[in-house]
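1. Here is a sequence with its predicted model. Questions after.
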Amino acid sequence: MNSQLLIPFWTIFKREVRRFMKVIFQTIATPLISSSLYLLIFGVSIGEKIDVGKGVSYLAFLIPGLVMMTVLRNSLENAVGSIVTSKFVGELEDLRMAPLSTTQIVWGNGLAAILRGVVVGVVTLGVGYLFFWIADHQIFPVRHPIILTLFLLIGGMAFAHLGLAICMLSTNFEQVSAINTFILLPLIYLGGVFFSLDQLHPFWQALSRFNPLLYMVNGVRFGMLGVSDVSLTLSFSVTIVTWVIFYSLAIWSLKKGSYKRW
Amino acid sequence: MDAPPLTIDHLTKYYGSLCAVDDVSFTIHPGEIFGLLGPNGAGKTSIISTITTLEEPTKGSVSVFGCDVTQNPRKAKQLTGCVPQELVHHGFFSLEEILEIHSGYYGCLNNQDRIDYLIQKLALNRHRHKKIKELSGGLKRRMMIAKALVHRPKLLLLDEPTAGVDIELRALLWDFVRELRLEGVSILLTTHYLEEAEALCDRVLFLDEGKLKLLGEPKYLIRELTEREVVMVLKHPAPPITHPHLVSQTDHQLVFRFAASKSMGELISELPLETKGIQDFIIREGKLEDAFQTIMRGQEDNE
């Protein structure tokens, strides 16, 4: 392959990785503390009284959901953080002035974001292992590692590309934070991380089926525990389609969006 | 490469209903330092932004070495380096890291020799490991110039490079710009400082309210549009003289102001004075600034 295609892509990827490595403590520590709290409060304390009815404890049910939530949020936040800070300091104009293609930017930025997502996801899984060991004196199972990896990577990529698109199309920081608060946060919390579909009122069950997060979370849950609220084929299809949509949106946003300083 | 480094062809740029650039055309020759002059809001930065594709032209076209920047942006960008007017901060990275990253954006791997050369040339050695946010304004400006040159561009765009820069740094930048020209880099420079344009530029273009007002060599513009002031110091008091260019007369001094295109010999031959009665001449040549004011005055008179 032409070095003119690979070097710029590799540079963008490396730049992003170096950027989050400079704040690695807060990158790792924040999700470490938040997932520990979730597992302690919901998984261990309240979880003993909850039956999700799939032959698994609530703690076991919660761990895959938390891991996927962490991966998605961190992938998204890395892409958002990168573009937002670049827009604030005027650095994004450099990307526009350099001979970079939108594909190079989308892949370089996206792969770095998913790397951060997966690193933090693995740390969360480690915390999950620890809690599971303390509660059940067993090793937390990962039944289908390949399926698990695919869902983590494709889901994370989708959210990285979504983050990129949101930032490129926003004209100020308030818009980014409004999308996060009013759209993404409800989708994440109503995406089947904390509950099984069967526990919901039929109306909310029907509504939840329109949330792509539900399928991503259940795909990961199937990869770890072998149980899922929805069929694996459907989960996989929805995850792929979501990624393709967000990828196209990211490419379009880099062509049409604003590189101007905020 | 035979195509000129930069061709601006009937460029028009609107922001909503505001016309920032109004049908401007010009060409930069190879190895030329070309000055884009004009007051604030004249459209200088808008022209630069269309060259770097930050803005799309409303009408007309821009090509760099024959590559249309809208049709073939990547080739055009590879040949162009730009130092924007506003300072950029790069919160996370050190100066050297930024230069490495920028080399990579342009596909230059193992560019350490060029980076070292630029750091040396712009006297940034002591600061190479500092984060950009720790640098002073002048150092940031130099960092941005180094950044624009890492990929050895053939066309350099400098958008007010010496705005807010101290005298020492300004001299360093001027020398560096002249040196780049010797290396074959063609340079487009925007500036408010007419003195700078006069010292550096081979040709200048005056822009006002988006329109091209005048284009030419600074020397030619000065000759055509300015007046020189000549003070003739006399050995002995002269009788009262009438002459169309005479501004004032005292016992030992005659002050004339006339077009720079008129020769001194012509003036002397028109005066009822003996040459040996003249002790000395003090000549103040016109400046580019005066030429600029002549154009602006002419425009007001027409309105």
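-> Done, it's in.
2. What segments of the stretch 151-300 of chain B are helices?
-> B:167-182, B:194-200, B:218-225, B:264-269, B:288-302 (DSSP state H, counting those that start in this stretch).
3. tell me which strands and helices the third one is in contact with?
-> Spelled out, that is helix B:218-225. helix B:194-200, strand B:203-208, helix B:288-302 (3 or more CB pairs under 8 Å, 6 or more residues apart in numbering or on different chains; DSSP states H and E). Using the backbone N, CA and C atoms, a C-beta is placed for each residue, glycine as well.
4. In CSV, could you pull the C-alpha coordinates for the first one?
-> It stands for helix B:194-200. Output of helix B:194-200 as CSV, limited to C-alpha atoms (Å, rounded to 0.1, in the frame of the first residue of the first chain):
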residue,chain,number,x,y,z
LEU,B,194,3.6,48.8,4.6
GLU,B,195,7.2,49.1,5.7
GLU,B,196,7.4,45.3,5.8
ALA,B,197,5.9,45.0,2.3
GLU,B,198,8.3,47.6,1.0
ALA,B,199,11.3,45.8,2.5
LEU,B,200,10.3,42.3,1.5
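5. near chain B, which residues of the stretch 1-150 of chain A show up?
-> A:3-4, A:7-8, A:10-12, A:14-15, A:18-19, A:22, A:85, A:89-91, A:93-101 (CB under 8 Å from any CB of the partner chain).
6. Okay, and the residue in the stretch 151-262 of chain A that chain B sits nearest to sits in which element?
-> Per CB to the nearest CB, A:Y259 is where the stretch 151-262 of chain A lies closest to chain B, at 6.4 Å. In the assignment (DSSP states H and E), A:Y259 maps to no helix and no strand.
7. give the contact list for the closest residue to it other than its chain neighbours.
-> In space, and not counting its chain neighbours, A:Y259 is closest to A:R96: 4.1 Å by CB to CB, 6 or more residues apart in numbering or on different chains. Counting by CB atoms under 8 Å, 6 or more residues apart in numbering or on different chains, A:R96 makes contact with A:259, B:52-54.
8. do the same with B:S63
-> B:3, B:6-7, B:9, B:69, B:76.
9. mind giving me the domain ranges of chain B?
-> Domains of chain B are assigned by automatic domain parsing as B:6-222, B:227-285.
10. Of those, which shows the lowest average pLDDT?
-> When those are ranked by mean pLDDT, domain B:227-285 comes last with a mean of 87.
11. Identify the residue spatially nearest to the residue in the stretch 1-150 of chain A positioned nearest to chain B, adjacent ones excluded.
-> Proximity of the stretch 1-150 of chain A to chain B (CB to the nearest CB) peaks at A:T11, 2.7 Å away. The shortest distance from A:T11 to any non-neighbouring residue, by CB to CB, 6+ apart, is to B:G104 (2.7 Å).
12. Contacts only, for residue 192.
-> Using chain A here. A:65, A:208, A:211, A:213-214, A:217-218, A:229 are the contacts of A:G192 under CB under 8 Å, 6+ apart.
13. my question was about chain B
-> Applying CB under 8 Å, 6+ apart, we find B:H192 in contact with B:37, B:39-40, B:160, B:163.
14. which one of those is nearest A:W107?
-> Checking these against A:W107 with CB to CB, the nearest one is B:E160 at 35.6 Å.
15. Contacts only, for the closest one.
-> Neighbouring residues of B:E160 by CB under 8 Å, 6+ apart: B:44, B:85, B:190-192.
16. and the residues you listed, which are buried?
-> Among those, those buried by neighbour count (16 or more other CB atoms under 10 Å in any protein chain shown) are B:44, B:190-191.
17. Quickly note the distance from the residue in chain B that chain A sits nearest to to B:R74.
-> Of all residues in chain B, the one sitting closest to chain A is B:G104 (2.7 Å; CB to the nearest CB). Distance, B:G104 to B:R74, by CB to CB, to the nearest Å: 15 Å.
18. Give me the nearest residue to the residue nearest the centre of chain A, chain neighbours excluded.
-> Centroid check for chain A by CA atoms, centre = their mean gives A:L72 as the closest residue, at 0.7 Å. Once flanking residues are discounted, A:L72 sits nearest to A:F159: 4.5 Å by CB to CB, 6+ apart.
19. The helix or strand containing that neighbour: how far from the chain's middle?
-> Using DSSP H and E, A:F159 sits in helix A:145-169. Helix A:145-169 has its C-alpha centroid displaced from the chain centroid by 6 Å (CA atoms, centre = their mean, to the nearest Å).
20. tell me what that helix is packed against?
-> Going by 3+ CB pairs under 8 Å, 6+ apart, helix A:145-169 lies up against helix A:58-89, helix A:102-136, helix A:173-179, helix A:212-225, helix A:232-256.
21. For these, could you give me a markdown table that also reports distance to A:V142 and mean pLDDT?
-> Converted to a markdown table, these look like this (distance: least, CB to CB, whole Å; pLDDT from 0 to 100):
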| stretch | distance to A:V142 | mean pLDDT |
| --- | --- | --- |
| helix A:58-89 | 9 | 93 |
| helix A:102-136 | 9 | 94 |
| helix A:173-179 | 33 | 92 |
| helix A:212-225 | 5 | 96 |
| helix A:232-256 | 16 | 97 |
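22. For B:F26, give me phi and psi.
-> Main-chain torsions, B:F26, degrees, to the nearest 10: phi -160, psi 170.
23. okay, now B:L212: neighbour count?
-> 19 (other CB atoms under 10 Å in any protein chain shown).
24. ok, it - contacts?
-> B:23-26, B:205-206.
25. which residues does it bridge with?
-> With DSSP bridges as the criterion, B:L212 is bridged to B:L207.
26. Using PDB, write out every CA atom in stretch B:284-303.
-> Only the C-alpha atoms of stretch B:284-303 are listed here, as PDB (Å, rounded to 0.1, in the frame of the first residue of the first chain):
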ATOM      1  CA  ARG B 284      12.800  62.400   1.700                       C
ATOM      2  CA  GLU B 285      11.600  59.700  -0.600                       C
ATOM      3  CA  GLY B 286       7.900  58.700  -0.600                       C
ATOM      4  CA  LYS B 287       6.900  55.500   1.100                       C
ATOM      5  CA  LEU B 288       4.500  52.700   0.200                       C
ATOM      6  CA  GLU B 289       2.300  54.000   2.900                       C
ATOM      7  CA  ASP B 290       1.900  57.300   1.000                       C
ATOM      8  CA  ALA B 291       1.100  55.400  -2.100                       C
ATOM      9  CA  PHE B 292      -1.600  53.500  -0.200                       C
ATOM     10  CA  GLN B 293      -3.000  56.800   1.100                       C
ATOM     11  CA  THR B 294      -3.000  58.200  -2.400                       C
ATOM     12  CA  ILE B 295      -5.200  55.300  -3.500                       C
ATOM     13  CA  MET B 296      -7.500  55.600  -0.600                       C
ATOM     14  CA  ARG B 297      -7.900  59.400  -1.100                       C
ATOM     15  CA  GLY B 298      -8.500  58.900  -4.800                       C
ATOM     16  CA  GLN B 299     -11.200  56.500  -3.900                       C
ATOM     17  CA  GLU B 300     -12.900  58.900  -1.500                       C
ATOM     18  CA  ASP B 301     -12.700  61.700  -4.000                       C
ATOM     19  CA  ASN B 302     -14.500  59.500  -6.600                       C
ATOM     20  CA  GLU B 303     -17.300  58.600  -4.100                       C
END
